[in-house]
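J.: Next one to model:
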Amino acid sequence: MPPKIALLRQLHALHVTSGIQGPLKWIRLIKDYLSHGFAEEALLIYTQNLPDRIRQPILPLVLKVCASHSLLSLGQSLHADCLKVGMVHDLLVGTTFVSMYCKCHRPAVARKFFDEMPERNVVTCNALIGGYCVHGDMELASILFDRMLSRTPVTWALMIEGFAKVGDTVAARGLFDRAPAGMRTVVTWTVMVHGYTVNGEMEAARELFDRMPFRNLFVWSSMITGYFKKGDAEEAGAIFSQMPVRNLVNWNALIAGYTQIGCSEEALEAFRQMQEHGFEPDEFTIASVLSACSQLGSLDCGKKIHELINRKKIKTNHFVLNGLVDMYAKCGDLERARKLFDGMRRKNSVCWNSMISGLASHGRSEEALNLFAQMEESEETPNEITFLVILSACTHGGFVKEGLEIFEKMDKYGLVAGVEHYGCLVDLLGRAGRLAEAYDVIKKMPMKPNEVVWGALLGACKVHMDLEIADKVVHEIGTLNSGAGSINDAQYVVLSNIYAASEKWKEAERIRSRMVENGIQKMPGCSSIMVGNTDYQFHAGAISVSSTYAMWSLRL
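T.: This is a model prediction of the structure:
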């Protein structure tokens with residue numbers, strides 16, 4: 001029997017045998033359900049077994065559940081019931097309704113309710129300010145803030161967080177500096193530091209962080225995440241090492257940060273150290289570690305993580321399931337990836353994209369196209385990433401007609417093609433030898449083509465030995481007329497090779513001379529493969545061996 005059902009039955013049995021009768025019995029059961037996280041079950045009992053539900057003292061708790069689960073219809077129904085008996089004038093009930101409407105994205109209704117309340121306190125004002133801040137309406141939040149006769153640290157923290165959320169850290173810092181000493185709690189400091197980190201202002205964040213009289217665990221995680229977002233893994237690691245006490249959230253921030261910037265080996269090493277320090281991974285840890293395995297292409301490591309999930313009975317939410325599908329797909333075990341994918345009751349766009357991408361990247365383009373068609377028939381709508389991976393599948397499979405049709409479908413889903421999508425289209429046409437069409441696509445792009453787009457066309461020119469189009473590309477990017485222009489080292493090499501293959505030695509030599517003049521060198525190629533637990537990297541003229549992430553006994 002699933003643990004959730006067993007606990008529900010246990011709670012119900014305790015109340016049946018308690019001897020309590022009448023509405024009080026149901027109220028006690030509802031409170032127990034809510035305290036254990038069974039919100040849906042609690043609401044079901046509330047609506048079915050308490051006909052005089054609005055008179056019950058549990059109403060504010062139920063309204064909080066409506067707010068957290070965005071159950072606007074039930075909240076409106078309770079509002080109507082309260083109006084009939086005049087309960088909306090109760091301060092606690094009224095404040096909870098204001099909060100509920102704000103969290104259900106109805107700030108205008110919340111304000112109307114607020115204005116009609118005969119009595120309000122600072123908690124009521126904070127609820128409405130919080131609603132305005134969540135919706136980015138700092139003008140109305142500021143008006144209400146200025147009219148308040150008394151404020152709490154929560155009031156100041158809400159306003160500071162609201163300004164930081166809309167990117168106005170100057171206004172946020174102004175409020176922080178204005179706050180009376182008694183209002184500057186650790187939460188107020190933390191909100192201001194976090195406001196800087198989410199806006200990428202790490203120098204200002206560090207200055208304030210170093211001045212904090214006390215620090216909570218959240219502000220440490222915020223600093224770590226902020227440095228990772230700036231790509232500064234060294235400073236993020238240094239902040240982590242300074243922590244006097246750590247919790248699982250801090251470890252997750254470190255592991256996720258390393259993974260997000262491509263430092264997969266460091267992420268796995270941090271995972272090993274986390275376990276050595278006695279912390280058990282949760283679903284967020286596992287999602288990051290699976291991503292690290294995917295980046296490394298380490299199927300053995302990914303399988304061990306999967307075994308750990310089963311052995312530790314870690315919750316397999318969407319993050320974990322998506323991570324498993326992505327890991328198996330990227331590591332080449334498409335059968336297991338597809339089995340997990342097919343077994344998911346509800347698939348979000350991330351999962352569909354992972355499976356389609358896995359099929360495409362391993363040469364199974366036709367299957368990728370079929371899966372894309374299934375996605376279109378499902379409840380999940382394709383997004384920009386979906387179109388990017390399916391266009392890539394068409395490119396590698398040579399499905400030109402299908403690729404052109406899919407590109408046109410973006411408009412059907414209200415999506416705007418980005419430069420990456422146009423790059424795929426150019427690559428698709430170029431590989432098929434339709435270079436003039438590819439060039440025409442670039443000329444009609446609504447945005448400026450980048451070096452990847454031009455590189456795709458130049459690469460096709462080399463394959464098909466089309467010097468005419470190559471010359472046009474050279475003219476467009478100004479290579480011959482304005483020095484380096486926007487061309488990169490790889491494109492210089494392609495141009496040189498095209499001229500050489502066409503026996504235009506003078507032009508080839510001129511391109512090589514320009515490479516020397518601009519300090520550009522041809523970088524040697526590099527490939528890598530995993531054999532057992534060892535990573536072999538093949539460079540031009542050399543082989544290097546790395547086993548730094550060779551299972552380092554994951555304690556699995």
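J.: what are the ranges of the helices in the stretch 51-200 of the chain?
T.: 59-68, 72-85, 91-103, 107-116, 122-134, 138-147, 153-165, 169-178, 186-198 (DSSP state H, counting those that start in this stretch).
J.: Find the residue closest to residue 329 in space, skipping its chain neighbours.
T.: residue 358 (2.4 Å; C-beta to C-beta, 6 or more residues apart in numbering). Just so you know, the C-beta spots here come from the backbone N, C-alpha and C atoms, and that holds for glycine as well.
J.: before we move on, what about residue 212?
T.: Using C-beta to C-beta, 6+ apart, the nearest residue to residue 212 is residue 189, at 5.0 Å.
J.: Residue 470 versus that neighbour, what's the distance?
T.: 59 Å (C-beta to C-beta, to the nearest Å).
J.: okay, the helices of the stretch 51-200 of the chain in CSV with mean pLDDT next?
T.: Listed next are the helices of the stretch 51-200 of the chain as CSV, based on pLDDT from 0 to 100:
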stretch, mean pLDDT
helix 59-68, 78
helix 72-85, 80
helix 91-103, 89
helix 107-116, 93
helix 122-134, 95
helix 138-147, 96
helix 153-165, 97
helix 169-178, 96
helix 186-198, 97
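J.: Turn those into CSV, columns for mean neighbour count.
T.: Shown next, in CSV, are the helices of the stretch 51-200 of the chain (neighbours: other C-beta atoms under 10 Å):
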stretch, mean neighbour count
helix 59-68, 20
helix 72-85, 16
helix 91-103, 23
helix 107-116, 16
helix 122-134, 22
helix 138-147, 15
helix 153-165, 23
helix 169-178, 16
helix 186-198, 23
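J.: how about JSON lines for those helices, with distance to residue 302 added?
T.: Shown next, in JSON lines, are the helices of the stretch 51-200 of the chain (distance: least, C-beta to C-beta, whole Å):
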{"stretch": "helix 59-68", "distance to residue 302": "35"}
{"stretch": "helix 72-85", "distance to residue 302": "42"}
{"stretch": "helix 91-103", "distance to residue 302": "39"}
{"stretch": "helix 107-116", "distance to residue 302": "45"}
{"stretch": "helix 122-134", "distance to residue 302": "38"}
{"stretch": "helix 138-147", "distance to residue 302": "45"}
{"stretch": "helix 153-165", "distance to residue 302": "37"}
{"stretch": "helix 169-178", "distance to residue 302": "40"}
{"stretch": "helix 186-198", "distance to residue 302": "31"}
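J.: Indicate which one of the ones you listed is closest to residue 281.
T.: Nearest to residue 281 among the helices of the stretch 51-200 of the chain is helix 186-198; the distance by C-beta to C-beta comes to 24.6 Å.
J.: Show me what the closest one is packed up against.
T.: Helix 186-198 is packed against helix 153-165, helix 169-178, helix 202-211, helix 217-229, with contacts defined by 3 or more C-beta pairs under 8 Å, 6 or more residues apart in numbering; DSSP states H and E.
J.: of these, which approaches residue 61 most closely?
T.: That would be helix 153-165 among the helices and strands packed on helix 186-198, by C-beta to C-beta, at 20.1 Å.
J.: Now do the closest one: distance to the chain's middle.
T.: Chain-centre distance of helix 153-165: 24 Å, with C-alpha atoms, centre = their mean, to the nearest Å.
J.: Which strands and helices lie in contact with it?
T.: helix 122-134, helix 138-147, helix 169-178, helix 186-198.
J.: tilt between it and helix 122-134?
T.: Per axes from the mean of the first three to the mean of the last three C-alpha atoms, to 10 degrees, the angle that helix 153-165 makes with helix 122-134 is 10 degrees.
J.: Could you export helix 153-165 as CSV, CA atoms only?
T.: Extracted in CSV, the C-alpha atoms of helix 153-165 (Å, rounded to 0.1, in the frame of the first residue of the first chain):
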residue,chain,number,x,y,z
PRO,A,153,9.8,44.2,9.5
VAL,A,154,7.6,42.1,7.1
THR,A,155,6.3,45.4,5.5
TRP,A,156,9.9,46.6,4.8
ALA,A,157,11.0,43.2,3.5
LEU,A,158,8.0,43.0,1.2
MET,A,159,8.7,46.4,-0.3
ILE,A,160,12.4,45.8,-0.7
GLU,A,161,11.8,42.4,-2.3
GLY,A,162,9.2,43.9,-4.6
PHE,A,163,11.5,46.6,-6.0
ALA,A,164,14.3,44.1,-6.4
LYS,A,165,12.0,41.8,-8.3
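J.: Between helix 169-178 and it, find me the angle.
T.: Using the same axes, to 10 degrees, helix 153-165 lies at 160 degrees relative to helix 169-178.
J.: Now do helix 153-165 and helix 186-198, the angle between them.
T.: Using the same axes, to 10 degrees: helix 153-165 against helix 186-198 is 0 degrees.
J.: Contacts for helix 153-165 next, please.
T.: 122, 125-126, 129-130, 132-134, 136, 138, 141-142, 145, 148, 169, 171-172, 175-176, 179, 182-185, 187-188, 191-192, 194-196, 198-199 (C-beta atoms under 8 Å, 6 or more residues apart in numbering).
J.: what about residue 199, distance to residue 193?
T.: Using C-beta to C-beta, residue 199 is found at 11 Å from residue 193.
J.: same deal with residue 170?
T.: To residue 193, residue 170 is 15 Å away according to C-beta to C-beta.
J.: Give the burial count for the nearest residue to residue 223 once chain neighbours are set aside, as a bare number.
T.: Nearest residue to residue 223, sequence neighbours excluded (C-beta to C-beta, 6+ apart): residue 239, at 5.0 Å. Residue 239 sits with 23 neighbouring residues when counted by other C-beta atoms under 10 Å.
J.: Summarise which helices and strands the strand or helix carrying residue 239 is packed against.
T.: For residue 239, the host element (DSSP states H and E) is helix 233-242. For helix 233-242, the packing partners by 3+ C-beta pairs under 8 Å, 6+ apart come out as helix 217-229, helix 248-260.
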